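# sequence first, then the predicted structure, then my questions.
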Amino acid sequence: MGERILNIFSLGIFRILGGALVGLGNLILGIGARSIFLWEVITKIGKKPFELREFILQLYLVGVRSLAIVAVSGFFVGGITVLQFHYALSLFGAQVYLGGVTTSGLLRQVGPVLVAIMITGRVGAFISAELGTMRASEQIQAVRCLGLDPVSVLVLPRFLAVVIMIFLLTIVGLLISLAGGALVSFFLLKVSISYYLVNLLKLTTIQAFLNGMVKSLLFGILIATISCYEGYYSAPSAEGVGKAVNRTLTYASISVFLVNYIITAIVSLTFTLGENILFLSGAR
Amino acid sequence: MSEWVKKRVSNPYLRALVLGLLDIFYIARLGLSVEGIGSNFLRFFEAVGGIVWLFIKSLVQIFLPPYRLREILKQMEIAGWQSIPLIGITVGFIGLVTVLELDYQLYRVVGNIDYVPGFAGILIFREFGPTVVSAMFSAKVGAGWSAEIANMKITEQIDAMELNSVNPIKYLVVPRLLASVVMLVALSVVGASFAFFAGWIIARQNFSFWAYYIMMSKFIRLTDLGTLFTKALVFSSVVPITSAWYGFKAEGGARGVGEATTKSVVSSILIIILLDFILNTLADKLLKIVLE
């Protein structure tokens, strides 16, 4: 009897449908598990045993150690953006808007995503490798045996450090990428300063900056949740650690781009509606 | 110093704060001393030289027999086929965002949105196709490769290979390099087409498919397609060589594997960004020289 049912389900269409259903179920289960983990971490904020010393150390390790990478990549990505926009705008003779379009694009889209991806590679992968190694060498169980809560001792300092530091690093990265874009346009493209700045204030509003900041906060929460979850619940072996790191990189980059799209869509939907109400310094 | 703090400061929060700052001070003092800065510079030059030297060595090894075709095909499956979902999703979302953002920007700048497909096409073919795909490739495939090689290193399998007079570069790096060269070029075309169709999903309100295609093809020249292939070829050797170098250098158990993975991903993305910048600045000048 059971074999017959299996035979029916091994027919092509059922197999594909079943596979899709299982995949969808796994996706929902995965998102749910990570949300529960996020809620578990959030409820621990402000509770009594807070590892302040560990938190400060993590702030240093996450923030100061990745400053150089964010600075270098931000500078050159700003330059690349200016070069490509200059080429594209010159095709229909709108180079006057180079400064405005580049600055707005860097603030709203390129900067936050770039910092998020670099921090995922630098910090997210490291955190999941570290927590996975702790799981593999049974240090997490040891912490529990000492009567401490491993989530509030090990996970919470890293989580908070990543969220705070991505926010701050995004500000630094944005400023450096703007400087890189301006320098490249002055020295490589020979665009004069007044030409670069003429439409900058007209096209760049404070909302563009706020948009980038909101994005970076959300990216920080996403990356911190995913990297801590994958490390904390990794399979207790050397292979499990490698798989956890791989999953962190994959899931974090997918979710960063997904959330980026969702926010951009919401902003552009509400833009025409709220332009007259909210955008006091709007261009038009 | 920390003992003195532990004895004197009674408030637990203040004590933790002072101790944490002291920890940072001790770490930062090592990094800021003359030896610290010197060793950082040494490590940087060691990495640059080592990666270039490994690249040259593996280029030589490509032409020497035995050719391990089965291994190359296996690596091609891992590198190419299995990373299509990630690259499709990420670059697809980038295509969606690009058209949305350009709608908004160009409407404010030029006043109409006729140029959106052309602008998006230039960005897709010159940047997103090669560069973003290579960065995602290093996050997906390069991390796996460096973890694999680092695992072999710390379990002394690479030493065992050398004892059996098997060249680890020939055995491990060359198949990955060849697979990456073939597959990254293919993946950039796949990524660019994903971004193209995703862009049309958003542009659908204003353009029919053929109007979108024609408006884009007015701005895209053959050199843009050439840029796509050139950049993909140049970036393709970055990921396998960097991940192999950090894998060969790994030491110290499971922690070393994690560190090798992290470093290889970040350095390959950084190298890709730098190479991209150099190619972008050189490309125009080279074209001018060739045309003159």
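Ah, there it is.
# can you map out the strands along the chain?
No chain in the question, so chain A it is. With strands called from DSSP state E, chain A shows none.
# where is the longest helix in it?
Longest among the helix segments of chain A by residue count, using DSSP state H, is helix A:238-278.
# tell me if that one is near chain B.
Yes. Judged by CB under 8 Å from any CB of the partner chain, helix A:238-278 comes into contact with chain B at A:238-239, A:241-242, A:245-246, A:249-250, A:253-254, A:257-258, A:260-261, A:264-265, A:268, A:271. Every C-beta, even on glycine, is put in place using the N, C-alpha and C of the backbone.
# quick one, which of those residues are buried?
By neighbour count, with 16 or more other CB atoms under 10 Å in any protein chain shown, these hold A:238, A:241-242, A:245-246, A:249-250, A:253-254, A:257, A:260-261, A:264, A:271 as buried.
# columns distance to A:Ile80 and pLDDT on top of those, output as JSON lines?
Formatted as JSON lines, these follow (distance: CB to CB, whole Å; pLDDT from 0 to 100):
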{"residue": "A:Ala238", "distance to A:Ile80": "38", "pLDDT": "74"}
{"residue": "A:Val241", "distance to A:Ile80": "34", "pLDDT": "82"}
{"residue": "A:Gly242", "distance to A:Ile80": "32", "pLDDT": "81"}
{"residue": "A:Val245", "distance to A:Ile80": "28", "pLDDT": "87"}
{"residue": "A:Asn246", "distance to A:Ile80": "27", "pLDDT": "87"}
{"residue": "A:Leu249", "distance to A:Ile80": "22", "pLDDT": "90"}
{"residue": "A:Thr250", "distance to A:Ile80": "25", "pLDDT": "90"}
{"residue": "A:Ser253", "distance to A:Ile80": "19", "pLDDT": "91"}
{"residue": "A:Ile254", "distance to A:Ile80": "23", "pLDDT": "92"}
{"residue": "A:Phe257", "distance to A:Ile80": "18", "pLDDT": "92"}
{"residue": "A:Asn260", "distance to A:Ile80": "18", "pLDDT": "91"}
{"residue": "A:Tyr261", "distance to A:Ile80": "21", "pLDDT": "91"}
{"residue": "A:Thr264", "distance to A:Ile80": "20", "pLDDT": "86"}
{"residue": "A:Phe271", "distance to A:Ile80": "27", "pLDDT": "63"}
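# returning to that earlier point: tell me which other helices or strands the longest helix of chain A touches.
For helix A:238-278, the packing partners by 3 or more CB pairs under 8 Å, 6 or more residues apart in numbering or on different chains; DSSP states H and E come out as helix A:111-119, helix A:125-136, helix A:206-232, helix B:84-109, helix B:143-154, helix B:253-291.
# report the inter-axis angle for the first one versus helix A:206-232.
Relative orientation of helix A:111-119 and helix A:206-232, computed by axes from the mean of the first three to the mean of the last three CA atoms, to 10 degrees: 20 degrees.
# how about helix A:111-119 and chain B, any contact?
Yes. For helix A:111-119 and chain B, the contact criterion (CB under 8 Å from any CB) is met by A:117-118.
# list the residues that contact the spatially closest residue to A:Leu189 that is not a sequence neighbour.
Nearest residue to A:Leu189 in three dimensions, chain neighbours excluded: A:His86, at 5.6 Å (CB to CB, 6 or more residues apart in numbering or on different chains). Neighbouring residues of A:His86 by CB atoms under 8 Å, 6 or more residues apart in numbering or on different chains: A:95, A:98, A:185, A:189, A:191.
# A:Ile193 is in contact with the second one, correct?
The one in question is A:Leu98. No. At 12.0 Å, A:Leu98 does not count as touching A:Ile193 under the criterion of CB atoms under 8 Å.
# in chain A, what residue lies closest to chain B?
Across chain A, no residue is closer to chain B than A:Ala129, which sits at 2.6 Å (CB to the nearest CB).
# can I assume that residue is in contact with A:Arg247?
No. Counting by CB under 8 Å, A:Ala129 does not reach A:Arg247; the two are 11.6 Å apart.
# who has more neighbours out of those two?
Between A:Ala129 and A:Arg247, counted using other CB atoms under 10 Å in any protein chain shown, the more crowded position is A:Ala129 (29 against 19).
# how about the nearest residue to the more buried one, chain neighbours excluded?
B:Gly258 (2.6 Å).
# list the buried residues in stretch A:149-156.
Neighbour-count burial for stretch A:149-156 [16+ other CB under 10 Å]: A:150-156.
# that stretch vs chain B: in contact?
No. Stretch A:149-156 lies out of reach of chain B by CB under 8 Å from any CB, never closer than 12.9 Å.
# follow-up on the earlier one: who has more neighbours out of A:Leu98 and A:Ile193?
Neighbours were counted for A:Leu98 and for A:Ile193 using other CB under 10 Å; A:Leu98 has more, 24 against 11.
# got a list of what the more buried one touches?
Contacts of A:Leu98 (CB under 8 Å, 6+ apart): A:82, A:85-86, A:89, A:185, A:191, A:195-196.
# just checking, B:Ile124 touches B:Ala192?
Yes. In terms of CB under 8 Å, B:Ile124 counts as a neighbour of B:Ala192; the distance is 5.4 Å.
# ok, these two, which is more surrounded?
Each of B:Ile124 and B:Ala192 has its neighbours counted (other CB under 10 Å); B:Ile124 has more, 29 against 24.
# count of residues packed around the nearest residue to the more buried one once chain neighbours are set aside?
Nearest residue to B:Ile124 in three dimensions, chain neighbours excluded: B:Ala195, at 4.6 Å (CB to CB, 6+ apart). As a burial measure, B:Ala195 scores 31 neighbours (other CB under 10 Å).
# residues near residue 167, how many?
Because you didn't say which chain, this covers chain A. 16.
# let me rephrase: I mean chain B.
14.
# for B:Val173, see how far away it is.
Going from B:Asn167 to B:Val173 by CB to CB, to the nearest Å gives 9 Å.
# next one: A:Leu24
According to CB to CB, A:Leu24 stands 39 Å off from B:Val173.
# of the two, who's got more company?
The neighbour comparison of A:Leu24 against B:Val173 (other CB under 10 Å) goes to B:Val173, with 26 against 10.
# isn't the more buried one right up against B:Ser243?
No. Counting by CB under 8 Å, B:Val173 sits too far from B:Ser243 to count as a contact (9.5 Å).
# and the stretch 101-250 of chain B, which of its residues are near chain A?
So the stretch 101-250 of chain B meets chain A at B:101, B:103-105, B:108-110, B:115, B:118-119, B:122-123, B:126-127, B:131, B:135-136, B:139-140, B:143-144, B:147-148, B:151, B:219 (CB under 8 Å from any CB).
# mind redoing it with 7 Å?
Within the stretch 101-250 of chain B, the positions lying close to chain A (CB under 7 Å from any CB of the partner chain) are B:101, B:104-105, B:108-110, B:115, B:118-119, B:122-123, B:126-127, B:135-136, B:139-140, B:143-144, B:147, B:151, B:219.
# which segments of chain A make up each domain?
With domains defined by automatic domain parsing, chain A comprises A:1-44, A:48-283.
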